[in-house]
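Student: no FASTA, just this:
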């Protein structure tokens, strides 16, 4: 068959137009019932990639496992990964793309509160569904967001009470200067007083600060029995290194951090961390079959040297929580999935946890552990399941 | 406040002064000589830090017995690597942008983003762990209450050495003479037969090398990751601009003032308030002396 040039142009033009227009012509669900789309929206580049890139790995692992066992209601999950690039407007833009163009059934994503706040209006307007896997300050409950990590009251109250009973009554609060540490300390202060303790110092340092010598001197001058740290990110490396250099270590000073997990250990240097405490919802060293299976699968996929921490685990269970809710609702429609999530229980690596009846957060354990020589955390204390309370009365 | 705390606090001020000076020296000579605002200066420090990390890994694997001295080797290597990189950068990139200060700023900022992503792709997004040699861990305790961190003593010593070295280079060698001449008057220097392009290349490379030394030394105090450079760059700029862009004395005095101010303000206020107060002071000072505290007075 001979095709003239004009014919060829016409035909290829029509073919191209059809390909581009196809997603707009056939609405969601009417075509290709064999898969369901899920978006992953985290920073793979930029400053926050340090924490978020590995959450993507955990979420991909969960999706891979679900697909290997037959998908969700017989439909394989098709993953669409978008890079939020540590830039809040980009998060909003990519969320819009995922919801309006790709028509994803759910998004697993966001890390910082700033990125979540930027994504929230987009998700609400497009009536999408976002699973948010990071511990945060609370004070939020969107009908279109499921919060799968601890909100502030779930870690700090348990941590303060345990510290006051076991380590001492005088507290020094130090944190990075933004909303999460300040809200956390706002909850911590009345809790400390109620527990019969007192706050001898409170200090905030700018994000990314690497100079802690004066703060450490202040701590030495006050001689607190306990330091409660909400320092985040690269500042922690400087903080622990300089504590060690100033002669404060896990043997002679009680320090509990609310934002240092196993994942940070190698960057900080385990010799600087040993003996210091951490409070999280999950530790890699937890016993139990679901966790051993999770850690083994993660290491098999990404290498034996990889470490899992709280946010990774929350990202992992987010995917499963969505799957279970969709199956319970027998639907991928957002209102049905949200309704089915109420009191939904899961046997997670961190133990059995379940969604609150109404407020979109999980009932969680607070766990306190001490860093060991190998950078792992050994659990010392485990609270019973704590009710999520994103709007505490202080 | 006990005497011990006062002594330690005074030491902190001194230590912060040397940290800031070491950060800013490289930027100051490049800025002063060429008017190039190198936004990638922080990433050059990060490059020095990663060189230190790689040296540590190599020592751990092949000669664990010599791990104690790896840092000294690493500092020399960091200087070499960043010097070479700076030279290539100047010849292949910066020199096309002379006399276009805004363009250099934008271009070097873009370069800094590219370098950050390169670090992230090569070493992963997490910070890497750089071990402290045994002899640098912990503190020197002359009395029971007093403890002076050894890593900070080391950085003070290093800054003194680098400062003396740079002074000797600038004021006792032919190269230094040429660099100073070009800094003061580029056109006349060219007219009397100084190869200004060559002076530019070498100076930029030395500036980069100094950034490498700083980055390498700071692995003892802070983190080594793709965004490490960002933690340093703001302080570095404040020191250079506050001190006046073309005098080493200015850089040192400005580092001293800011260091003392920061360390005492941090002690008295919270960390964030201290930083805000310092920025306010710098703004007021620059309002009255726009070219910095110690600007060189020359005919333009």
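Tutor: Cool, got the structure. Since the model is a prediction, treat every value here as computed from it, not as a measurement.
Student: For the closest residue to residue B:79 other than its chain neighbours, which three-state class applies?
Tutor: Take residue B:79 and drop its neighbours on the chain: the residue closest to it by CB to CB, 6 or more residues apart in numbering or on different chains is residue B:209, 4.5 Å away. In short, each C-beta sits where N, CA and C put it, glycine included. Three-state assignment for residue B:209 (DSSP: H, G, I helix; E, B strand; the rest coil): helix.
Student: mind listing what residue 176 touches?
Tutor: This is for chain A. Residue A:176 is in contact with A:204-207, A:209, A:230-233, A:235, counting by CB atoms under 8 Å, 6 or more residues apart in numbering or on different chains.
Student: hmm, I had chain B in mind actually
Tutor: Per CB under 8 Å, 6+ apart, neighbours of residue B:176: B:168-170.
Student: try 6 Å this time
Tutor: B:169-170 (CB atoms under 6 Å, 6 or more residues apart in numbering or on different chains).
Student: Tell me the first helix or strand C-terminal of the helix or strand harbouring it.
Tutor: Taking DSSP states H and E as the definition, residue B:176 sits inside helix B:174-184. Following helix B:174-184 in sequence order, the next helix or strand is helix B:186-191 (DSSP H and E).
Student: Identify the residue nearest the geometric centre of the chain.
Tutor: Reading this off chain A. Chain A has residue A:134 as the residue nearest its centroid, 2.2 Å off, counting by CA atoms, centre = their mean.
Student: Please tell me how far that one sits from chain B.
Tutor: 16 Å (CB to the nearest CB, to the nearest Å).
Student: In this structure that residue contacts residue A:149, no?
Tutor: Yes - applying CB atoms under 6 Å, one finds residue A:134 in contact with residue A:149, separated by 5.3 Å.
Student: Now tell me what touches the helix or strand containing residue B:89 from outside.
Tutor: Using DSSP H and E, residue B:89 sits within helix B:70-92. With contacts defined as CB under 6 Å, 6+ apart, helix B:70-92 is touched by B:44, B:47-48, B:51-52, B:55-56, B:59, B:133, B:201, B:204-205, B:208-209, B:211-213, B:216.
Student: Need the pLDDT of residue 90.
Tutor: Looking at chain A here, since you left the chain open. Looking at residue A:90, its pLDDT is 92.
Student: meant chain B actually
Tutor: pLDDT, residue B:90: 89.
Student: neighbours of it, just the number please.
Tutor: Neighbour count of residue B:90, defined by other CB atoms under 10 Å in any protein chain shown: 22.
Student: can you pull out the helices in the stretch 251-394 of chain A?
Tutor: A:262-268, A:270-273, A:289-302, A:310-329, A:334-341 (DSSP state H, counting those that start in this stretch).
Student: does the second one come close to chain B?
Tutor: No - contact of helix A:270-273 with chain B is not found when judged by CB under 6 Å from any CB of the partner chain; the minimum separation is 7.4 Å.
Student: Contacts for that helix next, please.
Tutor: A:240-241, A:244, A:265, A:371, A:375.
Student: Of these - the most surrounded one?
Tutor: Neighbour counts for the contacts of helix A:270-273 peak at residue A:240, which has 30 neighbours (criterion: other CB under 10 Å).
Student: And that one, how far from residue B:223?
Tutor: Going from residue A:240 to residue B:223 by CB to CB, to the nearest Å gives 10 Å.
Student: try residue A:97
Tutor: 33 Å.
Student: residues near residue 153, how many?
Tutor: I went with chain A, as the question did not name one. Going by other CB under 10 Å, the residues that sit close to residue A:153 add up to 24.
Student: meant chain B, my bad for not saying
Tutor: Neighbours around residue B:153, by other CB under 10 Å: 18.
Student: Could you verify that it is part of a helix?
Tutor: Yes - applying three-state DSSP, one finds residue B:153 inside a helix.
Student: before we move on, the earlier item: skip ahead from the helix holding residue B:89 and say which helix or strand is next.
Tutor: Downstream of helix B:70-92 (by DSSP H and E), the next one is helix B:101-123.
Student: Provide the contact partners of that following helix at residue level.
Tutor: Contacts of helix B:101-123 (CB under 6 Å, 6+ apart): A:45, B:35-40, B:43, B:97, B:226.
Student: Can you pull the phi and psi angles for the closest residue to residue A:128 other than its chain neighbours?
Tutor: Excluding its sequence neighbours, the residue lying closest to residue A:128 (CB to CB, 6+ apart) is residue A:99, at 4.3 Å. Main-chain dihedrals, residue A:99, degrees, to the nearest 10: phi -80, psi -50.
Student: What count of nearby residues applies to residue A:99?
Tutor: 24.
Student: pLDDT value on it, please?
Tutor: For residue A:99, pLDDT reads 94.
Student: any idea how far it lies from chain B?
Tutor: 26 Å.
Student: try residue A:360
Tutor: 29 Å.
Student: Quick check: phi and psi at that residue.
Tutor: Torsion angles, degrees, to the nearest 10, at residue A:360: phi 70, psi 10.
Student: For the residue nearest to the centre of chain A, pull up the helix or strand it's in.
Tutor: Using DSSP H and E, no helix or strand contains residue A:134.
Student: May I have the phi/psi pair for it?
Tutor: phi -120, psi 140.
Student: Helices of chain B, start to end?
Tutor: Secondary structure of chain B (DSSP state H): helices located at B:3-34, B:41-62, B:70-92, B:101-123, B:150-172, B:174-184, B:186-191, B:196-218, B:228-243, B:248-268, B:271-288.
Student: Columns distance to residue A:271 on top of the ones you listed, output as CSV?
Tutor: Rendered in CSV, the data for those read as follows (distance: least, CB to CB, whole Å):
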stretch, distance to residue A:271
helix B:3-34, 21
helix B:41-62, 13
helix B:70-92, 15
helix B:101-123, 21
helix B:150-172, 13
helix B:174-184, 42
helix B:186-191, 51
helix B:196-218, 18
helix B:228-243, 20
helix B:248-268, 26
helix B:271-288, 25
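Student: Up against chain B, what does the stretch 51-200 of chain A have?
Tutor: Checking the stretch 51-200 of chain A against chain B by CB under 6 Å from any CB, the hits are A:53, A:177.
Student: ok so, going back, between which two of the contacts of helix B:101-123 is the distance greatest?
Tutor: The span of those, defined through CB to CB, is set by A:45 and B:35 at 31.3 Å.
Student: who has more neighbours, the two?
Tutor: Neighbours were tallied for residue A:45 and for residue B:35 using other CB under 10 Å; the higher tally belongs to residue A:45 (21 against 16).
Student: Setting the sequence-adjacent residues aside, check what's closest to that one.
Tutor: For residue A:45, the spatially nearest residue (CB to CB, 6+ apart) is residue A:85, at 5.1 Å.
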